[in-house]
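Chemist: show me how the following folds:
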Amino acid sequence: MPGMKRTIRSLRVSLAAASLLAVAACVVNVSFDMSRDAVVDAIGTSISADLSVDLSQYSVVQEHKGNVESLSLDSTDLTVTAIGSNNQATSVSGKLALRAAGAPADGSQDVLVGQLTNFAISHGSSIHLPGNAQLDQFLLAQLKGTGQFSIVVSGTTAGGPAHVTLNLTLHASLGYGTGL
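Modeler: Numbers count the residues shown, from 1 in each chain. Next up is the predicted model:
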């Protein structure tokens, strides 16, 4: 059975090599949240909030920036966390978008996260918006650039001027190579 030993040894060497390649190609995914509060004090029925985000402020990004393979926006949550005593708005219709640093303020290059249609302005009301491939590409491009972008909320209210605080939380996943 001398030929059998050689075949088993070759099989073991092949399996070991395949295992090393699998480890070398290993990508670790880490989830993290980017949360911002927007205080909206509208004079009329138009609202607009522009919240800046700097990816370098997040430790997971700092730790792995050199070997990031993917950055995904899994979902976004928008929640009404406070309502001013002078609030008259009952709902808002508009959009939530991401804007690259230096992009035009007119929104022509914004990447849509989701539409708000008669979103109730009441304490605790919230909306969950799923991510998509276009948002993933946007985030990765920002990471490879300045790392800075804005979350933009815009729209019109029903019932009168809005005086509210909104919490926006972007749930993201970063994939990085281990380099093993």
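Chemist: what's the local residue count around Ile47?
Modeler: With neighbours defined by other C-beta atoms under 10 Å, the count for Ile47 comes to 23. All C-beta spots, glycine's among them, are computed from the backbone N, C-alpha and C.
Chemist: for the helix or strand hosting it, which residues meet the burial criterion?
Modeler: Element membership of Ile47 [criterion: DSSP states H and E] is strand 46-54. Neighbour-count burial for strand 46-54, counted by 16 or more other C-beta atoms under 10 Å, picks out Ile47, Ala49, Leu51, Val53.
Chemist: quick one: contacts for the third one?
Modeler: Leu51 makes contacts with Arg36, Ala38, Ser150, Ile151, Val152, Val153, Leu168, as judged by C-beta atoms under 8 Å, 6 or more residues apart in numbering.
Chemist: and which of the buried residues of strand 46-54 is nearest Ala105?
Modeler: For the buried residues of strand 46-54, the closest approach to Ala105 (C-beta to C-beta) belongs to Ala49, at 12.8 Å.
Chemist: hey, what's that closest one bridged with?
Modeler: Val153 (DSSP bridges).
Chemist: my read: it touches Val153, true?
Modeler: Yes - checked against C-beta atoms under 8 Å, the pair Ala49 and Val153 is within contact range at 4.5 Å.
Chemist: who touches both of those two?
Modeler: Joint contacts of Ala49 and Val153 (C-beta under 8 Å, 6+ apart) are Ala38, Val40, Leu166.
Chemist: which residues does Leu98 bridge with?
Modeler: Applying DSSP bridges, one finds that Leu98 bridges with Val111, Ile151.
Chemist: could I get the contacting residues of it?
Modeler: With contacts defined as C-beta under 8 Å, 6+ apart, Leu98 is in contact with Asp110, Val111, Val113, Leu135, Phe138, Leu139, Phe149, Ser150, Ile151, Val152.
Chemist: next one: Ala162
Modeler: Counted by C-beta under 8 Å, 6+ apart, Ala162 has contacts Val40, Asp41, Ala42, Thr45, Ile47, Asn87, Gln88, Ala89, Val92, Ile121.
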